[in-house]
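**Q** Show me the folded form of this:
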Amino acid sequence: MSLQLEQDAQVPIQTHIDEFSSRFAIMIFIWIVTSIIWITNIDSILEKVIHVIDPCVEECTNLYNPAKWSEIRWLSGALLGFITLIPLFIYQVFTFSRPGMMKKEANWLLTWLVLGSIAFIVNIFLTIFVFIPYLFEIGHNNHVNLGFVAKYDVVAMLTMAMAVIWIEVLVISGVFALVTAGTNGLMHEGNSRWWRLRVHGIISMLILLSFYGQFTLSISLMVISYTSIEIISLPWIRGKSNLHISSPIIFDEFGITRKLLFAQCECDNDYNLPENFQTSNAFISFNSICTSKNEKEKLYEIIETNKFTDFFIFGCNSKILNSQIENNLFISKCKLRLEISLHNPKLFNDLEHYTNNTNLLLSSITDPWSIEQSVSKIIENVRTNKDDTYIVKINDGKTINHEKIDIKQSILHIPQGSENILITELESLGCKYKLVES
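**A** Model prediction:
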């Protein structure tokens, strides 16, 4: 299953298949038309290319395989036709893919398509007019020094040039895929293996299919491709994600590892917890996650990057939490926890009052911690502010009710059966308290 973003249309998969088919058919038709147009002028273009790559002072090229020459002509026409359609190709691919992508993913795709296309065109010109003529000149000089008479097959020369261009295109595409993913914040040390596996897998498959029957050559090209992509992309492969949030790993009663994320929705509150809010748990603040699509996408990325298993939200003034968030968190193997969702700054008198009670509330959560651990964390917070009157509210350990309190009061939420332990600790500290059942 995949995430269902708010902008995603709820349509059957057949609708997407039909749209893809229609866009693909249009592209193929236009590509055929442009290729035929180029074919009518391809002989003069190939003549100029052969003149550039011919290493002899006097012409020493000849045509030994007319059938292969026809193949070269059609391939060259198709290549020029594709280059002509690159802007339309980028538009069609991006338009079809954008509705189902997050903002960062869309930025990566567009960047990769544009820069990859530019690199593709520049690479063709540099290879044909600089790199290949230089290689042929070196080879020709060696032949002359050995006493050979230079006679070259134009089909073999152009075939070699196309093979070199194809390998360069594959390597450049792989490099740009990883580098642009890293610069757009999609790839990092935590998921670089996922990216590399797919990039290397696709490129290796294309190399094997392109040079079918030439096993040694295919393996050599795959090694060159793998090495080049890894070396150039290394800084991004080893880079840390800018969405990384430090969080303790907790073992619950079943021995399962858990990672918790607490988030504040600021909405239109007069005061909110600062981003450097002191807590032993992972914490992040959103401006308005209940209404902002971008912030919801950011939440999904944070959870996916850090592998959080539990997500708590509080401070939100919205009456209804979007069920879509819960569905997407479930797909990411993260549980939406609503126990403290009603905790809101409007229930408190100032920022300090709100901060103290927030710390106490986070300390009172018993899943995945034990009751003893929660009571211990509550007492640690109480020691820093003994002058308050503490309202000890007993709940069922799942639902936590919230209410407005006075400036010198703080609420301690504890599950039923643990009140005696907490009261004993409060009395030993000399704190005032009032026991209330929810």
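
**Q** Strands along the stretch 151-300 of the chain, start to end?
**A** For the stretch 151-300 of the chain, the strands defined by DSSP state E, counting those that start in this stretch occupy 152-153, 250-251, 257-258, 260-265, 282-286.

**Q** By mean pLDDT, show me the worst of those strands.
**A** The stretch with the lowest mean pLDDT among the strands of the stretch 151-300 of the chain is strand 152-153, at a mean of 84.

**Q** Give the pairing partners of it; include direction for each.
**A** strand 61-62 (parallel) (DSSP bridges).

**Q** what does the partner strand contact?
**A** By Cβ atoms under 8 Å, 6 or more residues apart in numbering, the residues outside strand 61-62 that reach it are 50, 54, 151-154, 157. For every residue, glycine as well, the C-beta is placed using N, CA and C.

**Q** Select from these every entry located in helices.
**A** 50, 154, 157 (DSSP state H).

**Q** Next up, phi/psi of the residue nearest the centre of the chain, please.
**A** Centroid-nearest residue in the chain: residue 186, 3.0 Å away (criterion: Cα atoms, centre = their mean). Dihedral pair for residue 186: phi -90, psi -40, per degrees, to the nearest 10.

**Q** ok, it - contacts?
**A** Neighbouring residues of residue 186 by Cβ under 8 Å, 6+ apart: 104-105, 108, 195.

**Q** Now render the residues you listed as a markdown table, adding secondary structure.
**A** Listed next are these as a markdown table, based on DSSP: H, G, I helix; E, B strand; the rest coil:
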| residue | secondary structure |
| --- | --- |
| 104 | helix |
| 105 | helix |
| 108 | helix |
| 195 | helix |
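
**Q** can you list these in a markdown table and add pLDDT, neighbour count and distance to residue 413?
**A** Shown next, in a markdown table, are the contacts of residue 186 (pLDDT from 0 to 100; neighbours: other Cβ atoms under 10 Å; distance: Cβ to Cβ, whole Å):
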| residue | pLDDT | neighbour count | distance to residue 413 |
| --- | --- | --- | --- |
| 104 | 88 | 16 | 38 |
| 105 | 89 | 17 | 40 |
| 108 | 93 | 21 | 44 |
| 195 | 93 | 19 | 43 |
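
**Q** tell me the contacts of residue 333?
**A** Going by Cβ under 8 Å, 6+ apart, residue 333 touches 307, 309.

**Q** Relative to residue 270, how far out is it?
**A** Distance of residue 333 to residue 270, computed by Cβ to Cβ, to the nearest Å: 36 Å.

**Q** Same question for residue 431.
**A** Separation of residue 431 from residue 270 (Cβ to Cβ) stands at 29 Å.

**Q** could you pull out the helices for the protein?
**A** 13-39, 42-53, 66-84, 86-97, 103-126, 132-145, 154-183, 192-210, 215-237, 293-306, 323-331, 351-363, 371-383, 419-429.

**Q** thinking again about what came up before, ok, residue 431 and residue 270, which is more surrounded?
**A** residue 431 (20 against 9; other Cβ atoms under 10 Å).

**Q** shouldn't the more buried one be in contact with residue 385?
**A** No: counting by Cβ atoms under 8 Å, residue 431 does not reach residue 385; the two are 9.1 Å apart.

**Q** that older thread, ok, now how distant is the residue nearest to the centre of the chain from residue 83?
**A** Counting by Cβ to Cβ, the gap from residue 186 to residue 83 is 28 Å.

**Q** where in the stretch 201-350 of the chain is pLDDT low?
**A** Counting by pLDDT under 70, the stretch 201-350 of the chain has low-confidence residues at 319-324.

**Q** repeat that for 80
**A** Applying pLDDT under 80 to the stretch 201-350 of the chain picks out residues 268, 275-276, 317-324, 326-327.

**Q** what's in contact with stretch 282-302?
**A** When contacts are defined by Cβ under 8 Å, 6+ apart, stretch 282-302 is touched by residues 3, 5-7, 102-104, 243, 245-247, 259-267, 272-275, 277, 306, 308, 311, 313, 316-318, 321-322, 324-325, 328-329, 332.

**Q** If you count neighbours, what's buried in it?
**A** Residues 282-286, 289-290, 296-302 are the ones in stretch 282-302 that count as buried (16 or more other Cβ atoms under 10 Å).

**Q** Just give me the closest of the residues you listed to residue 413.
**A** Closest to residue 413 out of these is residue 283 (18.5 Å), distances taken as Cβ to Cβ.

**Q** who's that closest one bridged to?
**A** Bridge pairing for residue 283 - DSSP bridges - gives residue 262.

**Q** Relative to residue 273, how far out is it?
**A** Distance of residue 283 to residue 273, given as Cβ to Cβ: 8 Å.

**Q** Show me how the record splits the protein into domains.
**A** Domain segmentation of the chain under automatic domain parsing yields 13-185, 257-335, 348-438.

**Q** List the contacts of residue 207.
**A** By Cβ under 8 Å, 6+ apart, residue 207 lies in contact with 167, 170, 218, 221-222, 225.

**Q** just to revisit the earlier point, shared neighbours of residue 283 and residue 273, which are they?
**A** In contact with both residue 283 and residue 273: residue 264, using Cβ under 8 Å, 6+ apart.

**Q** Just give the number of residues close to the closest residue to residue 123 other than its chain neighbours.
**A** Once flanking residues are discounted, residue 123 sits nearest to residue 168: 5.2 Å by Cβ to Cβ, 6 or more residues apart in numbering. Using other Cβ under 10 Å, the number of residues around residue 168 comes to 19.
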